[in-house]
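In: okay, sequence plus prediction incoming.
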Amino acid sequence: MHVVKPSPSPAVGFERPTFDDLYATTVGTVWNAARRQGVPDGAVPDVAQDVFVTVYRQLGQFSGQCAPETWVLAIVKRVVSNYHRTRRRKGAAHAMSSAVGDPEWLVDDQD
């Protein structure tokens, strides 16, 4: 059973940052963090895009319990983890399909 936790109440004096401000102040940090966590240079733009799509969608839930940059870095960590997991799965699937070989050859071999 999945239990939904209520969002923590906003910190005193909390003012939610705008997406544009958050993007402008964290885009370099997001790219650097993705690289440090092993994302190849060619995939960094896609990972950064996924991060900021998530930031945009979840910005209304940001409660100010931590610095906005800390919150964004937590999102980077999850997105990068998903990226690596997907690559491992695709690599395993590719290895399995390569081991099977050409399906036409298998059919021809049975004749």
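Out: Received it, and whenever you're ready, just let me know what you need. The structure displayed is predicted, hence computed values, not measured ones.

In: Glu15 in helix, strand or coil?
Out: Judged by DSSP: H, G, I helix; E, B strand; the rest coil, the three-state class of Glu15 is coil.

In: that one: how many residues sit nearby?
Out: Counted with other C-beta atoms under 10 Å, residues neighbouring Glu15 total 8. (C-beta placed from N, C-alpha, C; glycine too.)

In: check Leu59 too.
Out: Neighbours of Leu59 under the rule other C-beta under 10 Å: 15.

In: who are the contact partners of it?
Out: With C-beta atoms under 8 Å, 6 or more residues apart in numbering as the criterion, the residues that contact Leu59 are 16-17, 19, 22.

In: repeat that for Trp31.
Out: 44, 48.

In: just the buried positions in the helix or strand hosting it, please.
Out: The secondary structure element spanning Trp31 is helix 19-36 (assigned by DSSP states H and E). In terms of neighbour count (16 or more other C-beta atoms under 10 Å), helix 19-36 has its buried residues at 22-23, 26, 30-31, 33-34.
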